[in-house]
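here's a sequence, model it:
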Amino acid sequence: MAISKGDTVHWNTSQGETTGTAKEKKTKPFQHDKQDFKASEDEPYWIVESEKTGATAAHKESSLRKG
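Take a look at the predicted model:
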């Protein structure tokens, strides 16, 4: 399941499933909202934007579902 920039994706939160848009793929360690993430080629992360709130967050690609 390859995710591409602009794809609609779904992920689970404590409030239930959230839908949003994949904005940027990260394959190197990075910081987002003052948090450190250890992204790699084998374990990429995506910056996603929530459809409901417009807030952005970083999620492992493996935790996202496309569609």
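
can you map out the strands along the protein?
8-13, 16-26, 30-32, 35-37, 45-50, 56-60, 65-66 (DSSP state E).

pick the most deeply packed of those.
Comparing the strands of the chain by mean neighbour count (mean count of other C-beta atoms under 10 Å), strand 45-50 comes out on top with a mean of 21. Yep, even glycine has a C-beta here, placed from its N, CA and C like the rest.

and that strand, what's its mean pLDDT?
For strand 45-50, mean pLDDT is 98.

contacts only, for Glu24.
5, 46-47 (C-beta atoms under 8 Å, 6 or more residues apart in numbering).

so Lys5 touches Val48, yeah?
No - counting by C-beta atoms under 8 Å, Lys5 stays clear of Val48, with 10.8 Å between them.

give me the common contacts of these two.
Contacts common to Lys5 and Val48, judged by C-beta under 8 Å, 6+ apart, are 22-23.

no further questions, thank you.
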